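Q: Sequence first, then the predicted structure:
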Amino acid sequence: MIIVLSVVIVIMIPFLVGAILRIDKLKQHIELLDREQHAQNKDIIELLKYRGESSVVILQHSDVLTYLCDKDPLLNKIKTPISTIVGQA
């Protein structure tokens, strides 16, 4: 009985060492993915901040352009030319 247990233990030792090494590699890979995900999250947060800032700037510019168009008498008289139909239907 002791011989059988010894043989089983000797056979299991390489599998156990292989499993431990595989778990360590997987752990390192997970840590690498975690760092990469953290960097991507920071980039997304920065993009969202930039989006908010740029939308405020665009609204301010459109307000200024509307004000300038309302105050300039020449801009109110300009009509956009209507082009003729180019092709046939």
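A: Perfect, thanks for sending it.
Q: tell me which element the residue positioned nearest the centre of the chain falls in.
A: By CA atoms, centre = their mean, the mean C-alpha position of the chain lies nearest to residue 44, the distance being 5.1 Å. In this assignment (DSSP states H and E), residue 44 forms part of helix 2-71.
Q: From residue 68, how far out is residue 54?
A: When CB to CB, to the nearest Å is applied, the distance between residue 54 and residue 68 equals 21 Å. C-beta coordinates here come from the backbone N, C-alpha and C atoms, glycine included.
Q: now swap in residue 21 and tell me
A: Separation of residue 21 from residue 68 (CB to CB) stands at 70 Å.
Q: repeat for residue 20
A: If you measure residue 20 against residue 68 using CB to CB, the figure is 72 Å.
Q: what do you get for residue 51?
A: 26 Å.
Q: same thing with residue 29?
A: Where residue 68 is concerned, residue 29 sits at a distance of 58 Å (CB to CB).
Q: now this protein, which segments are flagged as low pLDDT?
A: Counting by pLDDT under 70, the ranges of the chain that qualify are 73-89.
Q: what's around residue 39, how many residues?
A: Residue 39: 10 surrounding residues under other CB atoms under 10 Å.
Q: So it versus residue 55, what's the distance?
A: According to CB to CB, residue 39 stands 25 Å off from residue 55.
Q: repeat for residue 41
A: The spacing between residue 41 and residue 55, counted by CB to CB, is 21 Å.
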